[in-house]
Every structure is written in C-alpha cells, then in structure tokens.
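>>> predicted model, plus sequence, below.
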Amino acid sequence: MFSFALAVMVGASVALMAWGVYSIFAAVPDEDRSYLDRPPIGFRLLWPLVRLVVFYLGAKLSLPYRQATQQRLRSAGVDYSLSPEQFFAGKLLAALIFGGFSYFVVGILESSIWYVLFGALGGFYYPELWLKETRERRHKEILRALPFYLDVITLSVEAGTNLTGAFTQAVQKAPPSALKSEITRVLRDVRAGKSRAEAMRAMADRVDMTAINTLVSSLVQAETMGSTLGPVLRAQADQRRTERFQRAEKLAMEAPVKLLGPLIMFIFPNFFIVLIFLLVSKSVQEGVVTWAPLVRALTWPG
C-alpha cells in the first residue's frame, strides 16, 4: 500500500512539473517571421528556449544596449534574422550550455566552481565572437565586390542612365553578394518613397564601412552640386581597386611572419633531430665515437 501511494505521489509530481513547464512555454506568444530570414543554425537549434528567454527577460534590456546591438547586427547583415533581445537570449543560453559542459567534463577530474564560471563566461562571449567574425567576413565580401559594381555603375552612368538605373543594371549583372543585397535594399527604399540620398545614407549607416561611407558622401555631394557622376564614380572605382591591391600586398608581406611560428615550433626541431642523428651515425661508422657512451648518457639513471 505504501509503495502504491509513493508511486502515485511521484507520478503526480512528474505530471505537475510537466504541466508547469508546458504552461511556461505555452505563455510565449507566436512570432510572425513571414518577413524575416531564418536564424543562424546555433540559434535555430535553441529557438524555443530563445523565445522563452526573450518573453520573460527581453523587456529588461536597456535602450542603449538594444540600439548598439541592433547596429552591430545590421552591420553583420543579420538584422532580419535576429533581434537584440534574441541575440542576448542566445548569449545567456550559450553561457548555461558551456557552463554545464565544463561542469560535467572537468568535474570528472576535479570539482571546482572556477571551471564552471570560466566556461559560462566563454559561452556568454562566444556569440559576440561569432557576430564579429560574421561582420568582418561580410565586409571583406563587400570590399571584394565593390570595384566590379562601381565599374558597371560607371559604364551605365556614362552611357546616359541615371544613378538609380545604374544601380538596377549593377544588380541585374552582378552575382549574388552582400553588396548586391544592400544595393537592392537601396532600390527598394527609393521605390518606397525615400530620396536617393536618404536611401544611400541609410545603406552607409547599415554597412558601417569607410569605403561605403566615402562613396556615398562623394555621390551625394556630386548630386547636390550638380557635378557629373561619371568621373566621381571612376575615381572611386580606381581608389577601391588600388586599396584591394594594397590589402593583397599587405597579406603577402605578412605571410612569412605568420609562417615563422610553425617553422620554429614544428619544422626546425624535426630537421635538427634528423641532422644530429645523421652526424652521430656517421661519427660512429668512422670510429670517432661509439654508441656505448651515448646510450649511457641518454639512459635514465638507475
């Protein structure tokens, strides 16, 4: 009788816990993502938990933090995938996962709260590293594609097309890239009623790159002053192409310095081991030295 009552109590407790968890998740409203992009894979795997954290803790984030995070998400090109609240929720969940993983892995060898704290801290800042790498990768892609786009826009303008038509030609002729997405967004803003200068300034704010800021400033100033856009665009294309070659030369000059570490740590020791072995073998063959003293010198005492 006692065992039956205990089983009933355990079953009721489990049922209540399951109902409580279900109620917590059921209180989260559905999200309309018909106009949004898919989240990154890491966030997508934890999406129910991300929505849960956003619903209960998202409103507690300060306005300056939201604005700064939104700018960084926009610069990385994931502002239509993640909101600042969802990004912060991902950081909290990553801290919990990394901290738990550190506890189970390191706890086998030594139980210490410091390992858990370091793991949680690393997990909390891992999304920041991912966002930084995504932003840098997107900026490099834009810099690589910018000279080609400027050439197409320059040819279209010199052929008599206005700047909006030149942007359209560049989007139609160029392969898919991050810059193509930004120019497409500029055209969409212009069709929505924004002026061309406002749409280009919005693109410069989104991308947050020196090259794009300079290009937009030059185009807006040329349109305001009534200057011809062809020479301005051609000068910008030449400058961007020169900067691309300079970056390639800089990377080529940095390559020997980056190879120095692996050479010293991995290649040189093996080379000297082989060289010393050949010298010792030659000396033994010629009778200069014998193996016995070498074996005694290398043998562990006792």
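Nice, I can see it.

>>> neighbours around the nearest residue to residue 53 once chain neighbours are set aside, how many?
Counting by Cβ to Cβ, 6 or more residues apart in numbering, residue 53 lies nearest to residue 89, which is 3.7 Å off, once chain neighbours are set aside. For glycine as for every other residue, the C-beta is placed from the backbone atoms N, C-alpha and C. Look at residue 89: counted by other Cβ atoms under 10 Å, it has 27 neighbours.

>>> surely residue 89 touches residue 60?
No. Between residue 89 and residue 60 no contact is recorded; they are 11.4 Å apart, counting by Cβ atoms under 8 Å.

>>> so where's the longest helix in the protein?
Longest helix in the chain, counting residues (DSSP state H): helix 113-158.

>>> would you pull up how far that one lies from the middle of the chain?
5 Å (Cα atoms, centre = their mean, to the nearest Å).

>>> which helices and strands sit right next to that helix?
Secondary structure elements in contact with helix 113-158, counted by 3 or more Cβ pairs under 8 Å, 6 or more residues apart in numbering; DSSP states H and E, are helix 63-76, helix 84-106, helix 163-173, helix 178-192, helix 210-225, helix 229-262.

>>> mind checking which of the ones you listed is nearest residue 52?
Across those, residue 52 has its closest neighbour in helix 84-106 (8.0 Å, Cβ to Cβ).

>>> show me the shaky parts of the chain.
Within the chain, the segments meeting pLDDT under 70 span 1-28, 107-112, 284, 286-302.

>>> just want the most central residue of it.
Against the mean C-alpha coordinate of the chain, by Cα atoms, centre = their mean, the closest residue is residue 134 at 2.3 Å.

>>> got a list of what the closest residue in space to it that isn't next to it in sequence touches?
The shortest distance from residue 134 to any non-neighbouring residue, by Cβ to Cβ, 6+ apart, is to residue 76 (4.5 Å). Neighbouring residues of residue 76 by Cβ atoms under 8 Å, 6 or more residues apart in numbering: 131, 134, 135, 138.

>>> now with 6 Å?
Applying Cβ atoms under 6 Å, 6 or more residues apart in numbering to residue 76 gives the contacts 131, 134, 135.

>>> could the residues you listed go into a markdown table alongside distance to residue 173?
Rendered in a markdown table, the data for these read as follows (distance: Cβ to Cβ, whole Å):
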| residue | distance to residue 173 |
| --- | --- |
| 131 | 31 |
| 134 | 27 |
| 135 | 27 |
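
>>> re the thing from before, could you export the helices and strands packed on helix 113-158 as CSV, including distance to residue 274?
Listed next are the helices and strands packed on helix 113-158 as CSV, based on distance: least, Cβ to Cβ, whole Å:
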stretch, distance to residue 274
helix 63-76, 48
helix 84-106, 38
helix 163-173, 56
helix 178-192, 48
helix 210-225, 49
helix 229-262, 17
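
>>> to residue 44, which of those lies closest?
So among the helices and strands packed on helix 113-158, helix 84-106 is nearest, using Cβ to Cβ, at 10.4 Å.

>>> residues in contact with that closest one?
43, 46, 49-50, 53-54, 58, 66, 69-70, 115-116, 119-120, 122-124, 126-127.

>>> now these: which count as buried?
Buried by 16 or more other Cβ atoms under 10 Å: 43, 46, 49-50, 53-54, 58, 66, 69, 115-116, 119-120, 123-124, 126-127, out of the contacts of helix 84-106.

>>> how about residue 195, phi and psi?
phi -70, psi 160 (degrees, to the nearest 10).

>>> give the contact list for the residue nearest to residue 99 when sequence neighbours are not counted.
Nearest residue to residue 99, sequence neighbours excluded (Cβ to Cβ, 6+ apart): residue 120, at 3.4 Å. Going by Cβ under 6 Å, 6+ apart, residue 120 touches 95, 98, 99.
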